[in-house]
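**Q** Sharing a sequence plus its predicted fold:
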2 protein chains.
Amino acid sequence: MKSTCVRRVAIGLSGLVWAAAVLAQEAGVAGPAWTTLRGHRYPQIGADLRGTFRISAPGAGQVFLSLSGRREMSKDAEGVWTITTGPLPPGFHYYSFMVDGVSLADPASESYFGMGRMVSGIEVPSRGEDFYEAKEVAHGEVRERSWVTRSAREVRKVVVYTPPDYDRDSGSRYPVLYLQHGYGEDRRAWWRQGRVNFILDNLLAAGVAKPMIVVMEDGGIATGLGGGGRPPVGDRLAFAEAFEKVMIDELIPMIDGAYRTIADREHRAIAGTSLGGWQAIQIGLRHLEAFGFIGGFSPGLPPEVSRIAGDAAGFNEKVRVFFLGTGTVEREANPNIRDLHEALDKAGVRHVYYESPGTAHEWLTWRRDLRQFAPLLFQE
Amino acid sequence: MKSTCVRRVAIGLSGLVWAAAVLAQEAGVAGPAWTTLRGHRYPQIGADLRGTFRISAPGAGQVFLSLSGRREMSKDAEGVWTITTGPLPPGFHYYSFMVDGVSLADPASESYFGMGRMVSGIEVPSRGEDFYEAKEVAHGEVRERSWVTRSAREVRKVVVYTPPDYDRDSGSRYPVLYLQHGYGEDRRAWWRQGRVNFILDNLLAAGVAKPMIVVMEDGGIATGLGGGGRPPVGDRLAFAEAFEKVMIDELIPMIDGAYRTIADREHRAIAGTSLGGWQAIQIGLRHLEAFGFIGGFSPGLPPEVSRIAGDAAGFNEKVRVFFLGTGTVEREANPNIRDLHEALDKAGVRHVYYESPGTAHEWLTWRRDLRQFAPLLFQE
C-alpha cells in the first residue's frame, strides 16, 4: 500500500479583499509589516521582502537584530539603530534585538509567547500564498474559555475555534480537532502565530474541508528552554504524558459537554507541532478508542511509532488518517520523519506524508501542514 | 434629585478555589506574580506585596525598573540585575526595564498592548478584594471575531464576552454593553488588563448583575503616544469621532445580526475608560436613540457634557443610568469629574458618582468602576 501524495489543495477563492500589504510589497512598495503595531512605522517589509527594523538606543554600544542569525545594526546621529536586511524568508518568524547583549522584544511589534518567553514576531508575506490570510469570507470565532479540572480544581484556559454559523445553526453538531502547540509555546500559538482560524475559514469557504471545532490547550510548561534548544528525551516523554491525563480524563469530556460535538473517534482528531506533534502521536496511538485521525507536523517521534509497522493491518483498520509533515529545509538536518514515512511505506502502513517546500522548523511549515491535513479529516 | 451613592456590592461567593498566590502572598510567602510566564520564577510578589524583579544584562552599565517611577537595580557577579521594591500598589501596573536608556519589556512576564506599544504588566494582589479573580464559578467565553465593514471593506477584529450558558440556552436573548479601552490600548485591554470576563462571571454567580454580552472594539489608533502623555483636545475629539461612525453604522448592526441581542436602547449600554470614556460619553449623548445607559470610567470629558445640566428633566427621562467614576488619587490632580458630578447634582441631573479609594488613573480603578456599573444595567 502506498502513501498518498498530497498535492496542494486548489482553492478557488473569488471576490477577495485582503492584504493590500501583499500587493504593495509585491510591487516593491515598503510598508509596516502586518505584525507591526498600530501607530508605528517600523518594522517594515519592502521591495523583495527586505525588512527594515529600527530601535532607539542612544546609550547602547552595539545592537544586533536576531532573526535567522545575528545581523549587525548601525546607529545614526540621534541614537536610532537601523538595519535593512536582504530578502527575508516568507512566513512568520520570531525575532529580537540584542542591545549590549540583552535580548529585547521590539516594543513596536506584536509580542508572542514563544521560545518560553515573550518575543517579537514578524509576518513576511509569501508570494502567491494567501491561504492563511484574513479574507472577506465567513469567519468563525476564536474563543478563550476558562474551565476547572475536577482532579486538581485548577482553573485552566482553552482556546476554541468554532466555525462560521456555529451559533446560528444551533441544531448541528461538529467533529473536533485537538491541535497542540510546540515546546515553549502555549494554547495561543496556533491562533496568534499559526492563524488557525483564517486557515479554516478559507478552507471552509472553498468547500474543501468539513466544518469542525478546533481545541487548543496548554500542553506543557516551558521551563528553562531559553533559545530554542532541544530538551532531552526524558523531558519530552514527561511533557507528553503530563498532558495525556488532562486531555483524556478532563478536557475531552468538558469540550463534549460545553460544545455541540460529535463525541466519537470517527469525529475526533489530534495533531500537533514539533513537541506537540510528539504529544499528538503518543496520545493518539495510546488512545485509538478516542481518536480516528492523527497528525504530526514536524513532530518529535515518541517510542510508540516503532510499533506501528509490526501491525500494519490493524493500524490501517483503526487509523483513518495518519499524517506526517516536515519542511524540506529542516529535513536535511533531521530526516527522522522521512525515514519513518519510508519505513511505513515499506510495511504497508497507510499514511500521508507531506513536505513543505523551502521551509524549516517554523510556522509556515505548520500552517501548510494544517492546510493539507484539515481537508482529509472527517470525510465519509 | 441626588446622585446615588453606591456602596460596594456585597458578593457572597462560597466554595471558591482561587489564587493560592493571594493566600501565599498574604501569608508573606514570595512567589511568581500571576502575570509571570509559566516556567519563570521572576517577577515575584512577596511579603507585604514587595516585588522582586530580575533581568540578565551583563553588558549593561545601568538598569532601572520603571514602575510608578524609576527604581535603580543592582548587578550581581553574573550580570543579573535585581531589585526588591517596597510594597507595591495593589492592582495591575505596566512596567519596563530601562537598560542603558532603552525601554525593555520583561521577557519573563506577560506583555500587553498599552501606552501605544508592547509593555510588561504585573498583577499585584489587592487584599480582601477578589471580584476580578478566576474562581470556580460558571465562566463565560471571550471571543475574537473578525468582521468586514461594508463601507471600507476592511477586516476588523472585535472581542466579545458572552455569559455562561450563552450557547446552551439558545432561545434567550441578551442586552449588550459596548465597552471601550483608553488611548494607547486596543480591543484586548478590557479582557487582558481589565479581566472583564472574570468580573462579569463573578457578578453573575452572585446574582447581582443581569447576564449581558460585552463588546470591545478598537476605538482608536495610538499614534505617537509614547510614555503616557496627554494628546491635545483636537486629537481627542477626532479619536472619538472616527469611531462613532464605525460603531453606529457598522458595529452595532453586525453585533445585532451575529449574536442573540435585544436590539433596543433599553438593552444597550456604552462605557469606556479614560479617552474611551470620552468616546463613550460623546457617542452615548449623541445617540440616545441607541443607548439607554452611559458610563465614564476616569473619562475625558467631551464638550457634550456641558449641555446636560441645561435640560435635566429631558436627560433624566432618557438616560436610565449615567455613571461617572474616578480614583481618589487621580482626583487630586484632575478634579474635573467630581466637578461635573457636583454640577449635575446642583442641576438635578440623576447620575451615579463613584470614587475608587486609594487608586489613580489605572486598571484597578476601572475594574472597580465596572463592578459598580454592571449591576446597575438593564434592571427593570
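**A** Yes, it's here. Note that the structure is a prediction, hence the values are computed from the model and not measured. Residues are numbered from 1 along each chain as shown, chains lettered A, B, ... in the order given.
**Q** and the helix or strand where A:R156 lies, anywhere near chain B?
**A** Here A:R156 sits within strand A:155-162, counting by DSSP states H and E. Yes: contact of strand A:155-162 with chain B (C-beta under 8 Å from any C-beta of the partner chain) involves A:V155, A:V160. For every residue, glycine as well, the C-beta is placed using N, CA and C.
**Q** Tell me the gap between that strand and the middle of its chain.
**A** The chain centre lies 16 Å from the centre of strand A:155-162; the measure is C-alpha atoms, centre = their mean, to the nearest Å.
**Q** Convert it to CSV, retaining C-alpha atoms only.
**A** This file holds the C-alpha atoms of strand A:155-162, laid out as CSV (Å, rounded to 0.1, in the frame of the first residue of the first chain):
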residue,chain,number,x,y,z
VAL,A,155,-8.6,27.0,36.7
ARG,A,156,-7.2,26.4,33.2
LYS,A,157,-7.8,28.2,29.9
VAL,A,158,-8.5,26.6,26.5
VAL,A,159,-8.7,28.3,23.1
VAL,A,160,-11.5,27.0,20.9
TYR,A,161,-12.2,27.8,17.2
THR,A,162,-15.8,27.5,16.2
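**Q** what packs against that strand?
**A** Secondary-structure packing of strand A:155-162 (3 or more C-beta pairs under 8 Å, 6 or more residues apart in numbering or on different chains; DSSP states H and E): strand A:141-148, helix A:189-192, helix A:196-205, strand A:213-217.
**Q** What pairs with the strand or helix carrying A:I270, parallel or antiparallel?
**A** A:I270 is located in strand A:268-273, with elements delineated by DSSP H and E. In the sheet containing strand A:268-273, its partner strands are strand A:176-180 (parallel), strand A:293-297 (parallel), by DSSP bridges.
**Q** Rebuild the ones you listed as JSON lines, extending it with mean pLDDT, mean neighbour count and distance to B:S274.
**A** Shown next, in JSON lines, are these (pLDDT from 0 to 100; neighbours: other C-beta atoms under 10 Å in any protein chain shown; distance: least, C-beta to C-beta, whole Å):
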{"stretch": "strand A:176-180", "mean pLDDT": "98", "mean neighbour count": "28", "distance to B:S274": "37"}
{"stretch": "strand A:293-297", "mean pLDDT": "98", "mean neighbour count": "29", "distance to B:S274": "43"}
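**Q** Nearest to B:I83 among the ones you listed would be which one?
**A** strand A:176-180 (37.2 Å; C-beta to C-beta).
**Q** quick check: angle from the helix or strand that the strand holding A:I270 is followed by to strand A:213-217?
**A** Heading C-terminal from strand A:268-273, the first helix or strand you meet, by DSSP H and E, is helix A:275-286. Here helix A:275-286 points in a direction 110 degrees away from that of strand A:213-217 (axes from the mean of the first three to the mean of the last three C-alpha atoms, to 10 degrees).
**Q** chain center to helix A:275-286: distance?
**A** With C-alpha atoms, centre = their mean, you get 15 Å for helix A:275-286.
**Q** Please report the distance of the residue of chain A most remote from its centre from chain B.
**A** Here chain A reaches farthest from its C-alpha mean at A:A77, the gap being 41.1 Å by C-alpha atoms, centre = their mean. From A:A77 across to chain B, the span is 16 Å (C-beta to the nearest C-beta, to the nearest Å).
**Q** What residues does that residue make contact with?
**A** By C-beta atoms under 8 Å, 6 or more residues apart in numbering or on different chains, the contact set of A:A77 is empty.
**Q** Try it again at 10 Å.
**A** A:P58 (C-beta atoms under 10 Å, 6 or more residues apart in numbering or on different chains).
**Q** Ok, A:R156 next?
**A** A:145-149, A:187, A:217-218, A:246, A:250-251, A:254, B:134.
**Q** One more: A:G101?
**A** Residues near A:G101 by C-beta under 10 Å, 6+ apart: A:A60, A:G61, A:Q62, A:F64, B:S56, B:A57, B:P58, B:G59, B:A60, B:G79, B:V99.
**Q** let's go with 8 Å and repeat that
**A** A:Q62, B:A57, B:P58, B:G59, B:A60.
**Q** ok, and the most crowded of the residues you listed?
**A** B:A60 (26 neighbours; other C-beta atoms under 10 Å in any protein chain shown).
**Q** picking that back up, so of the contacts of A:G101, which ones are in strands?
**A** Assignment to strands by DSSP state E places none of the contacts of A:G101 there.
**Q** who in the stretch 251-380 of chain A is up against chain B?
**A** A:A258, A:Y259, A:R260.
**Q** okay, the second one: pLDDT?
**A** In other words, A:Y259. What the model reports as pLDDT for A:Y259 is 96.
**Q** residues near it, how many?
**A** Neighbours of A:Y259 using other C-beta under 10 Å come to 20.
**Q** Show me what the closest residue to it other than its chain neighbours bridges to in the sheet.
**A** Among residues not flanking A:Y259 along the chain, A:I213 sits closest, at 5.7 Å (C-beta to C-beta, 6 or more residues apart in numbering or on different chains). According to DSSP bridges, the partner residues bridging A:I213 are A:V176.
**Q** so how many other residues sit close to A:I213?
**A** 24.
**Q** and if you look at A:Y174?
**A** A:Y174: 20 surrounding residues under other C-beta under 10 Å.
**Q** Against A:V158, how distant is the residue lying closest to it once chain neighbours are set aside?
**A** On the basis of C-beta to C-beta, 6+ apart, the spatially nearest residue to A:Y174 that is not a chain neighbour turns out to be A:I213, at 4.9 Å. From A:I213 over to A:V158 the distance is 11 Å, taken as C-beta to C-beta, to the nearest Å.
**Q** Now do the shared contacts for those two.
**A** Taking C-beta under 8 Å, 6+ apart as the criterion, A:I213 and A:V158 both touch A:I255.
**Q** tally of neighbours for the spatially closest residue to A:A309 that is not a sequence neighbour?
**A** Excluding the flanking residues, the one nearest A:A309 by C-beta to C-beta, 6+ apart is A:A347, at 3.7 Å. Neighbour count of A:A347, defined by other C-beta under 10 Å: 14.
**Q** Now do the same contact list for A:A347.
**A** The contact partners of A:A347, by C-beta under 8 Å, 6+ apart, come to A:I308, A:A309, A:G310, A:A312.
**Q** which ones are touching the second one?
**A** Yep, that's A:A309 we're talking about. Counting by C-beta under 8 Å, 6+ apart, the residues that A:A309 touches are A:A343, A:L344, A:K346, A:A347, A:V349.
**Q** Would you agree the third one falls within a helix?
**A** The reference is to A:K346. Yes: checked against DSSP: H, G, I helix; E, B strand; the rest coil, A:K346 lies within a helix.
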